[in-house]
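J.: Give me a 3D structure for the following:
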Amino acid sequence: MLAWLLALPRSVKRLISVCADIVLLVCSLVAGYFLTQQTNLNHVPQIALAFAITLPITLFIFTKLGLYRAVIRYIGQHALGAVLAGIVSSTFILALLFGLFQIHDKGNLIFVYAILALVSSGGLRLLARMFLVQRNNGYKERVLIYGAGSSGRQLAQALMNGEQYHPVVFVDDDTTLHRSTILGMPVGAQTQISNLIKTHNINRILLAVPSASRARRREVLDALEELPIPVQSIPGMSDLIDGSMRIDELQDVKIEDLLGRDSVAPKNKLMLANIANKAVMVTGAGGSIGSELCRQIIKYEPKVLVLFECSEFALYSIEQELAALIKLQQLDIKLVPIMGSVRRQSLLENVMRAFGVQTVYHAAAYKHVPLVEFNVTEGVLNNVFGTHCAAEAAINSGVETFVLISTDKAVRPTNVMGATKRMAELVLQALSQRQSSTRFCMVRFGNVLGSSGSVVPLFREQIRRGGPITVTHKDIIRYFMTIPEAAQLVIQAGAMGQGGDVFVLDMGEPVKIADLARRMVHLMGLEVKDDVHASGDIEIQFTGLRPGEKLYEELLISGNEQETDHPRIMKANETALSWSAMQQLLGMLKTACNNYDVEAIRQLLLNEQVAFMPSDGNCDLVANEHLSIVSHELPRIKAV
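T.: Below you'll find the predicted structure:
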């Protein structure tokens, strides 16, 4: 019956509401008459006539005030105000008509009628709303909201009107709110969460503290980690303020919250130095670091931003995104998408000259460790000679500043990728000695959260599929930083460079990857399956180190660094090669690449300054396949 009523068209429901009000108003007058006029039955025809005139006027007022447009399930103060205004108007008109019809001494009748009409018409709607809400809540997931502040209250209101979650209880750190009630829900303390989950049958915790520092959010997450239900959070304050996300758009806990590291506000002077009103070029503009550099750069309004990228789709994606941002913010920036390879020096020179490029951020590189191990020649050509071509083009074109995006894997590298990045650093250091027109500097940092190949999205997807989570080694550790913070620090470090400088970013505390995987499992409300918890949900499998992979990364070779004006940026004092020595090394490396002599390439990378210490043998797929073919052919040739 109820389902049938709820399925009726809106027009039919409004007609039912009108009929219900007529019945309630008539019953209120009749009940009021018998309650106040037991011994006086005079003027019944006149009272009935006065009420017959008042009733349509009352219904008209209800209609004009929007009472019949209100959805009962979401009825609020406006609808109840309409009921009050309609009843007061009805009572006033009824009193006037009683006077006109000379019906005296009926004040008590009018007063009781007004009270009964208000209680019946308004109360019935509230009861219907309460019933429908409770009925709807039975199908919704019961949640606990951590944070009873403004954001928590807004979230609760949004969820109450939604179809998925039913907020049941608040938890807050403010002791003055404990044992109080907000929006009809009790407020408890953090120490009571386990008990509240049991007593209120909670299925999920929603974190509503968007303005809290990351350090505080990490403390909260540490306390919630062992609870047997998933934890989600509302968007950050910046997303809420700029309107990019709504407060009820719940998301999985961000890994940066687990790290507990708050970024340092960028120094405006350093951010503006190489960008404001200048022509800026980003190579590898479609990659994870390159694209974020572009987003940060347009905030400081260069006159030209050249996007240089070899991937057509990546270039299209970042160009479309930045063009929309420029249009939205009404910025006067010329956006130039150029497709090409950094190994083409002539193209780079023509682009830099054509657009008068003054600052280059060189983010183009092959950075996936195993893939570069499998494709040694291409890794060297792109990472070493691509950097050399870009640097020579910058010198020939009169570029003022050239910033190389390097990596912590360049420090005592155990893989070809790290060795090529160290070689790229040495190239720029040598070029800085050869000339002084272009300032070269390098910025080293570790893993960035959410970059292509990052473990975080991989783990999250593996958990959603039911596992297992694959970790290469139980003791492997890595440094992590958010992409926006890394991009801001790169720009600021570039402004400090004097020529040949190697900057390293403060990456905070290293994170054990196996522990990170466990925390992600726990915060999604699951249990790790291991020897202690044989009936757990998600297994962690250790697959062994991949080719060229290290257990831990470093940011310094010499261990000798000095502070800069920025608390998160240090300057390394690294040894370098002379340009003549570098030129000779590049020549031999070029010959080895042209001959596809992978063993010769690896031997050249063992140069003392590169400090290449390979953890694996030659893993190049083509070279090994060639050797395999030769080894199979030799017995046949000897037999012939």
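J.: can you pull out the strands in the stretch 401-550 of the chain?
T.: Taking DSSP state E, counting those that start in this stretch, the strands of the stretch 401-550 of the chain run over residues 401-405, 439-444, 447-449, 469-471, 477-478, 480-482, 501-505, 511-512, 528-529, 538-542.
J.: Could you list the paired strands of the last one along with their orientation?
T.: Okay, so that is strand 538-542. If you go by DSSP bridges, strand 538-542 pairs up with strand 469-471 (parallel), strand 528-529 (parallel).
J.: so which of the ones you listed gets nearest Thr91?
T.: strand 528-529 (67.6 Å; C-beta to C-beta). In short, each C-beta sits where N, CA and C put it, glycine included.
J.: residues making contact with the closest one?
T.: With contact meaning C-beta atoms under 8 Å, 6 or more residues apart in numbering, strand 528-529 is reached by Gly467, Arg518, Val521, His522, Ser535, Gly536, Asp537, Ile538, Glu539, Ile540.
J.: try it again with 10 Å
T.: 467-469, 514, 517-522, 535-540 (C-beta atoms under 10 Å, 6 or more residues apart in numbering).
J.: residues of the one helix or strand Ser580 maps to that come out buried?
T.: Using DSSP states H and E, Ser580 maps to helix 579-594. Under the neighbour-count criterion of 16 or more other C-beta atoms under 10 Å, helix 579-594 has Trp579, Met582, Leu585, Leu586, Leu589, Ala592, Cys593 buried.
J.: and the third one, what does it touch?
T.: Residues touching Leu585, when contacts are defined by C-beta under 10 Å, 6+ apart, comprise Val384, Met423, Leu426, Val427, Ala430, Leu577, Leu604, Leu605, Asn607, Gln609, Val610.
J.: Just say helix, strand or coil for Val187.
T.: Following DSSP: H, G, I helix; E, B strand; the rest coil, the label given to Val187 is strand.
J.: Would you mind naming the residues that bridge with it?
T.: Phe170.
J.: What is the burial count for it?
T.: Around Val187 there are 20 other residues, counting by other C-beta atoms under 10 Å.
J.: Local confidence estimate at it?
T.: pLDDT for Val187: 90.
J.: I'd like the distance between it and Ala156.
T.: 11 Å (C-beta to C-beta, to the nearest Å).
J.: Show me whatever sits in contact with both of these two.
T.: By C-beta under 10 Å, 6+ apart, the residues touching both Val187 and Ala156 are Ile145, Ala148, Phe170.
J.: Pull the contacting residues for Gly398.
T.: Taking C-beta under 10 Å, 6+ apart as the test, what Gly398 contacts is Met352, Arg353, Gly356, Val357, Gln358, Ser437, Thr438.
J.: Now do Ala285 against Glu321, distance only.
T.: Relative to Glu321, Ala285 is positioned 11 Å away (C-beta to C-beta).
J.: between these two, who's got more neighbours?
T.: Neighbours were counted for Ala285 and for Glu321 using other C-beta under 10 Å; Ala285 has more, 28 against 13.
J.: What residue, apart from its backbone neighbours, is nearest the more buried one spatially?
T.: Leu307 (3.9 Å; C-beta to C-beta, 6 or more residues apart in numbering).
J.: and that neighbour, backbone torsions?
T.: phi -100, psi 110 (degrees, to the nearest 10).
J.: need the helices for the stretch 101-250 of the chain, in chain order.
T.: Assigned by DSSP state H, counting those that start in this stretch, the stretch 101-250 of the chain shows helices spanning 107-137, 150-160, 193-199, 214-224, 237-241.
J.: circling back to that earlier point, list just the nearest of the buried residues of helix 579-594 to Val376.
T.: Cys593 (8.9 Å).
J.: what about Ser211, how many residues close to it?
T.: 12.
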